[in-house]
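Asks: sequence unknown, structure follows:
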């Protein structure tokens, strides 16, 4: 099944991944996973690229050093404590505790995090995987304090970015860099290895301004229990742990989520989404309006 959407410049784009319709659908991925050549120069060795192709993720024990972690932690704490940042629409607040959960577009708010985006250890891996220059589709810091910070239910990021931001193809990769230790108990990232090769189109129309609710508690774009059971039975679930400074790269279509953090140990990270400059956003495929640019960028300037 395919549909089409028309961009504002009247060019027609085929919808390879229908979603938000009357019923849920599971369809094979239509795009490569690794777009670059297997022997392309860069920070990831050929074995790492093969692993990413197979599993949809790549974990790195130490992407940044302890000293660098301290710098980014201080910057995160500064931003979260700033009343002006809290009042900014780019800050998302926990509904229960009224504490900051995320700050979006952090690479534009903070030169410290802008430098991290430009770091070759970070952007170089994105270029290798995506086989082109890249721009930042989304960036944010996530703060998951202890004693009750809520998690994110199972989802594919691409399903949302396709439906609500208009990304045509699966040519987008994310990196989550740990700024605190990720234990097996404090709400860490879970991924279904191999799930990136199956697209799950969700049922139900997208409400207007859905982002205002979904960034706190997901509704539209949420898979059914039956579909999740099928995927988990086929692919299994991997939980990521690691020291501060570790990182996990994962494909845009990997089924992932995280649990609540009811431990005393906070879990904070910086999250950067790189999209290929050859996969720039058109109009949303399954939403009445675009999301704000601080969530889904419309500035496609390559990272330099």
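Replies: Received the coordinates, thanks. Quick caveat, the model's predicted, so the values are computed rather than measured.
Asks: Helices along the stretch 201-304 of the chain, start to end?
Replies: With DSSP state H, counting those that start in this stretch as the criterion, the stretch 201-304 of the chain has helices at 211-214, 225-235.
Asks: my guess is residue 268 contacts residue 146, does it?
Replies: No - look at residue 268 against residue 146 with Cβ atoms under 8 Å: they stay out of range, at 10.9 Å. In short, each C-beta sits where N, CA and C put it, glycine included.
Asks: and those two? which has more neighbours close in?
Replies: More neighbours surround residue 268 than the other of residue 268 and residue 146, with 21 against 14 (other Cβ atoms under 10 Å).
Asks: Can you show me the strands along the stretch 201-304 of the chain?
Replies: In the stretch 201-304 of the chain, the strands defined using DSSP state E, counting those that start in this stretch lie at 238-239, 247-251, 255-258, 267-276.
Asks: The first one pairs with which strands, parallel or anti?
Replies: Sheet pairing for strand 238-239, assigned by DSSP bridges, gives strand 189-191 (antiparallel).
Asks: For the stretch 201-304 of the chain, which residues score under the pLDDT cut-off?
Replies: Filtered on pLDDT under 70, the stretch 201-304 of the chain yields the residue ranges 209, 211-219.
Asks: The same query, at a cut-off of 90, please.
Replies: 207-221, 266 (pLDDT under 90).
Asks: I'd like the strands of the stretch 201-304 of the chain written out as JSON lines, with distance to residue 19 added.
Replies: Listed next are the strands of the stretch 201-304 of the chain as JSON lines, based on distance: least, Cβ to Cβ, whole Å:
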{"stretch": "strand 238-239", "distance to residue 19": "25"}
{"stretch": "strand 247-251", "distance to residue 19": "17"}
{"stretch": "strand 255-258", "distance to residue 19": "14"}
{"stretch": "strand 267-276", "distance to residue 19": "18"}
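Asks: sorry, back to before: quickly compare the helices of the stretch 201-304 of the chain and say which is most buried.
Replies: By mean neighbour count, with neighbours taken as mean count of other Cβ atoms under 10 Å, helix 211-214 ranks first of those at a mean of 17.
Asks: residue contacts, the residue nearest to residue 224 when sequence neighbours are not counted?
Replies: Distances taken as Cβ to Cβ, 6 or more residues apart in numbering put residue 24 closest to residue 224, at 5.7 Å, once the chain neighbours are dropped. Shown in contact with residue 24 (Cβ atoms under 8 Å, 6 or more residues apart in numbering): 200, 201, 202, 203, 223, 224, 227.
Asks: Filter those down to just the buried residues.
Replies: 200, 201, 202, 203, 223, 227 (16 or more other Cβ atoms under 10 Å).
Asks: and the third one, what does it touch?
Replies: For residue 202, the residues meeting the contact criterion (Cβ under 8 Å, 6+ apart) are 19, 20, 24, 159, 220, 221, 222, 223.
Asks: Return the residues in contact with the second one.
Replies: Looking back up the chat, that one is residue 20. Residue 20 neighbours (Cβ under 8 Å, 6+ apart): 163, 201, 202, 203, 204, 205, 206, 220, 221, 286, 287.
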